[in-house]
Structures are given as structure tokens and as C-alpha cells.
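> One predicted model, sequence on top.
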Amino acid sequence: MPKLFYAVLANSLAASVTNTFVWFAVTFWVYLETKSVTATSIMAGIYLVTVAVSGFYLGSLVDKYNKKTTMLLSSLGSLVLYGLACFIFVSTPSVEFTKASSVILWVFIVLALFGAIAGNLRGIALSTLVTILIPEEERDKANGLVGSANGVAFLVASILSGMAVGFLGIFWMLVCAIGLTLLVIIHLWTLPLPAKEVSHAEAETHSIDIRGSIQAIQAVPGLFGLIFFHTFNNFLGGVFMSLMDAYGLELVSVQVWGVLWGVLSLGFIVGGLVVARKGLGKNPLRTLFLANIVMWTICIFFTLQASIVLLAVGMFVWLCLIPAVEAAEQTILQKVVSPERQGRVFGFAQSVEQSASPITAFIIGPIAELIFIPFMTTGAGVDLLGDWFGTGVDRGMALLFTLAGFIGLIVTLIAMRSSAYKALSRNYTSEVEEYPPLINKTTSQTTLVE
């Protein structure tokens, strides 16, 4: 693989560490300040709605402009928003941040979260750069390295965020984020990335080209089925976004929870390295579905008892499988979609797949707080399940995880028998036209711009 790819990956890793650090730290801090599951649920919903809506536009930006410009815009957006969030924090009485109904608290949250979300533009650009820089036979392994980098980001950010909230406070967390973002911008400025023209994109691309994205997806039988399968999985995934931190913080302190997430994030790294070394096999789609079967089975069992050990083991295996799932989807899209459309298709897929999660994220907090938690603390669940499942606030949240696991497993098994799965599997494994990389094993200086 070319050295330029490793340099871009390292730069994206630093940006991802920073943005994930902010996202985790703000979530931990808000729950500890307000003790409101609904607040963290709404935060997850805001995050996911923005990701879903922005994907259409961000994907078109990636296709329209060169990759370096879009990645710089991503980091500059984060820098400005983190700066504004820091200003809000230092100019507001601390008591305002202890009330979940405080308007100024939500202004601060939105600025911080939007700063982290600005990094999604980088993620789309990086996926298209894999197609440009890496030969087809090595792309699954390159995507595995991207998955490992995401794991490193989670590991470092988890440890730092828990420690920062527990020992330094949210102000110094923001100061660190601003400093790291500046360093990322400076480093990215020095990297020579492929010019816009190398992908042979249309001379004029609309800012949001949904029609073109749909046409590119429709041209590949079964591709819409894959996107909708991920969409449903993300609908269930809203349970994790809304409740996982609150559930974990019921079991351990914020410092332990942050360090634990850092250790668990080794699962991302391990899974990504396995994919980088072994690949995904001849049929990445089959690998994707088998991984989902294991993941939803784990979800059924990993909260059956109020045990941090059981939770940690289940989450570690779950996280080991995520790089394989993500790399499989990326590898399929990189092969069956032409390069000039990939930004829009990746952005469209991100928007559609994330569109379901906000529904769950917004409603699951109130559902947990008003129905499942009372059910397992003072309601009928105490007598029905309490003897073996346990009782209390954490048990109400745990019941939701178990139900999500059952639903996810059933849907995955049904999807594997669908005509869309069979069509896309045949399409990928058959001979299709290959788009040559712009930087290959024999040259590393083709069509570069400073």
C-alpha cells in the first residue's frame, strides 16, 4: 500500500480521536450533571438526525471537490464549533449545566456535537480515497486498517474522555480538542492528495444529487437491500446509542467506564487487524451477515445479569465484529459503484442507514424511563423476572437490550434468505469491470496536487 495512504489514515485517526473524545466526554458529563436518561437519549437523537440529514450533502461535496479540500473543511468546521462551545461554557454560570431543561445547556451540547459530526465529511472522503489509492484486490484489507484506526480512536478517546471528565473537567477537555484539531489541520495541509479531475466526475455536480445516487444504486441489483438492512440494524442500534452509557454508569464510576471503553475498543483494533491480514473472503456479503448473527446473539445475553464482566466480554466480541461488517459494506460499494459516484453513494447510504437510529434514540430514553425502568423496579417485572433477571434501574435498561437482540437476530436470518441478498452476492462474485487505482504498486506519484 502507498505511503500516502498511511499518512492520510494517520491524519484521519488523529481527527477521529479528537471528535470521538468530545462526543464521549460531553455524553458522560451531561449524564453526570443532570442524571437524566432522557437527556442522553435526546443527545443521541440529535447526533443521529444530523448525521442522517447531512450525508446527502456531504457525499456530494466529496464528489464535487478534491479530497484535500473537503477534509480541510471538515476539520475547520470542528475547530470553529469547539471554540464556540468553549466560549459558551466559560461565560455561563455552572448551575445552568445541571438542569436538563436549560436552554444554554442544549446550545452547548449542539455546538459540541456538531463539531464532532463535522468529522463525518472526512469519513466519506476516506472511503473514496481507498478506491483511488488502493488496488481492488487489497481494498478489503485497507478497509480493515480503517476499521483498526477507528478502534484506536475509540480506545484512546474512551480513556481520555473518562479521565478528562473525572479529573480535569469539561473546559480542559475542550481546550485539548481545539489544540488537537489545529495540529490535524497543519499536518493535512502538507499532504499531496489526488486532484478532483482524477475521478472523472461530471463537470457540474449539484450540491445534493439524490437522483444520481439512486440511479447508481439501482444499477446494482440487491444494493438497495443491503442499505435497507443496515438501516434496520441502525434502528435497533439506537438502543445502544441511547442507553449504553447510562447503563454502564449505573454499574461503575465514570473513570472506570471510560477506561473500560478504552480496553473494549481493543476489539475494534483486533477485528480490523484480522480483516487487514486475512481479508473478507470471496463473498464479503456472506461475511457481513454471519457477523450480524453473532452480534445479535451476543446482544440477547450480555445484559442478562447486572455484571460488568458479562457486559465487557459481550461488548468486546461485538466490537471485534464491527470492522468486518463495515469493511464488507465499503468493499462491496467500492467494487460495484463507479468512482465518480462513490461519494454520493456513500453519503446516501450514510443518510438512509442513519435515518432510523434517531427514531429509536429519541423515543427509547422516555420509554426506558417511563415504562421499562418502573417495570423492573416497582412494577410487575419485579415478580415476573426479578428472581433471576434482577431488579432496579439498570435491569430496566437491560431488558431493552435483550429484546433488541431477539429482533435483530430474527431479521438477519430472514434477510439472508431474501432475493436481494442472493442478487447482490451473485453480482459481487461475478466478473465486473474494475476501476484501476490512481496510485498503484508501481507508482506513487500519479496525478497529485500539493
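Received the coordinates, thanks.
> Report the contact partners of residue 37.
If you count contacts by C-beta atoms under 8 Å, 6 or more residues apart in numbering, residue 37 has them with 31, 242, 243, 246, 365, 368, 369, 373, 397. To be clear about C-beta, it is placed using only N, CA and C from the backbone, and glycine gets the same treatment.
> May I see these organised as a markdown table, with neighbour count and distance to residue 148 added?
Shown next, in a markdown table, are the contacts of residue 37 (neighbours: other C-beta atoms under 10 Å; distance: C-beta to C-beta, whole Å):
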| residue | neighbour count | distance to residue 148 |
| --- | --- | --- |
| 31 | 20 | 29 |
| 242 | 31 | 27 |
| 243 | 29 | 27 |
| 246 | 23 | 28 |
| 365 | 25 | 32 |
| 368 | 26 | 33 |
| 369 | 18 | 37 |
| 373 | 22 | 37 |
| 397 | 26 | 30 |
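> Spatially, which two of those are the most separated?
31 and 373 (14.6 Å; C-beta to C-beta).
> Could you give me the buried positions within the helix or strand hosting residue 186?
Per DSSP states H and E, residue 186 falls inside helix 170-189. Buried residues in helix 170-189, counted by 16 or more other C-beta atoms under 10 Å: 170, 173, 174, 176, 177, 178, 180, 181, 184, 185, 188.
> In a markdown table: those residues, plus pLDDT and distance to residue 323.
A markdown table is the format used below for those (pLDDT from 0 to 100; distance: C-beta to C-beta, whole Å):
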| residue | pLDDT | distance to residue 323 |
| --- | --- | --- |
| 170 | 89 | 30 |
| 173 | 90 | 27 |
| 174 | 92 | 30 |
| 176 | 90 | 27 |
| 177 | 92 | 25 |
| 178 | 94 | 29 |
| 180 | 93 | 24 |
| 181 | 94 | 25 |
| 184 | 93 | 22 |
| 185 | 94 | 27 |
| 188 | 91 | 24 |
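> Just put those in a markdown table and tack on distance to residue 162.
As requested, the buried residues of helix 170-189 are exported to a markdown table (distance: C-beta to C-beta, whole Å):
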| residue | distance to residue 162 |
| --- | --- |
| 170 | 13 |
| 173 | 11 |
| 174 | 16 |
| 176 | 14 |
| 177 | 15 |
| 178 | 20 |
| 180 | 17 |
| 181 | 20 |
| 184 | 22 |
| 185 | 26 |
| 188 | 28 |
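> tell me which of those residues is nearest to residue 429?
Using C-beta to C-beta, residue 188 comes nearest to residue 429 of the buried residues of helix 170-189, at 37.1 Å.
> Not counting its neighbours along the chain, what's nearest the closest one?
In space, and not counting its chain neighbours, residue 188 is closest to residue 11: 5.2 Å by C-beta to C-beta, 6 or more residues apart in numbering.
> tell me the contacts of that neighbour?
With C-beta under 8 Å, 6+ apart, residue 11 has these contacts: 71, 184, 187, 188, 191.
> now, among those, which is nearest to residue 36?
residue 184 (32.7 Å).
> Show the contacting residues for that closest one.
With C-beta under 8 Å, 6+ apart, residue 184 has these contacts: 11, 14, 15, 18, 75.
> Which ones among those lie within helices?
11, 14, 15, 18, 75 (DSSP state H).
> ok, now how distant is the fourth one from residue 122?
Looking back up the chat, that one is residue 18. Distance, residue 18 to residue 122, by C-beta to C-beta, to the nearest Å: 11 Å.
> cool, and the third one?
Using C-beta to C-beta, one gets 6 Å for the distance from residue 15 to residue 122.
> Likewise for the first one?
Counting by C-beta to C-beta, the gap from residue 11 to residue 122 is 9 Å.
> anything in contact with each of these two?
residue 71.
> Packing partners of the strand or helix carrying residue 154?
Taking DSSP H and E as the definition, residue 154 sits inside helix 139-163. Packing partners of helix 139-163 (3 or more C-beta pairs under 8 Å, 6 or more residues apart in numbering; DSSP states H and E): helix 3-34, helix 120-133, helix 254-264, helix 266-278, helix 308-336.
> Can you say which of these is packed in most?
Ranked by mean neighbour count, the helices and strands packed on helix 139-163 are led by helix 120-133 with a mean of 25 (mean count of other C-beta atoms under 10 Å).
> What is the neighbour count of the closest residue to residue 418 other than its chain neighbours?
What sits nearest to residue 418 in space, not counting adjacent residues and going by C-beta to C-beta, 6+ apart, is residue 225, at 6.4 Å. By other C-beta atoms under 10 Å, the residues close to residue 225 number 17.
> Could you do residue 41 as well?
Using other C-beta under 10 Å, the number of residues around residue 41 comes to 26.
> Quickly find the element holding the nearest residue to it once chain neighbours are set aside.
Distances taken as C-beta to C-beta, 6+ apart place residue 365 nearest to residue 41, at 2.3 Å, with adjacent residues excluded. If you go by DSSP H and E, residue 365 is part of helix 357-367.
> Quick check: next helix or strand after that helix?
Following helix 357-367 toward the C-terminus (DSSP H and E): helix 373-377.
> in that following helix, what's buried?
Quick answer for helix 373-377 (16+ other C-beta under 10 Å): 373, 374, 375, 376, 377.
> any idea of the mean pLDDT in that helix?
Averaged across helix 373-377, pLDDT comes to 87.
> sec struct for residue 280, please.
Three-state assignment for residue 280 (DSSP: H, G, I helix; E, B strand; the rest coil): coil.
> For the nearest residue to residue 166 once chain neighbours are set aside, give me its contacts.
Distances taken as C-beta to C-beta, 6+ apart put residue 255 closest to residue 166, at 4.2 Å, once the chain neighbours are dropped. Each residue near residue 255 by C-beta under 8 Å, 6+ apart is listed here: 162, 163, 166, 167.
> In the chain, what helix or strand scores lowest on average pLDDT?
strand 448-449 (a mean of 32; mean pLDDT, DSSP states H and E).
> Poorly predicted segments of the stretch 101-250 of the chain, please.
By pLDDT under 70, the weakly predicted segments of the stretch 101-250 of the chain are 151, 194-210, 212.
> Let's see that with 90 instead.
Residue ranges of the stretch 101-250 of the chain with pLDDT under 90: 101-102, 113, 116-170, 190-250.
> gap between stretch 405-419 and the chain center?
On the basis of C-alpha atoms, centre = their mean, to the nearest Å, stretch 405-419 sits 22 Å off its chain's mean C-alpha point.
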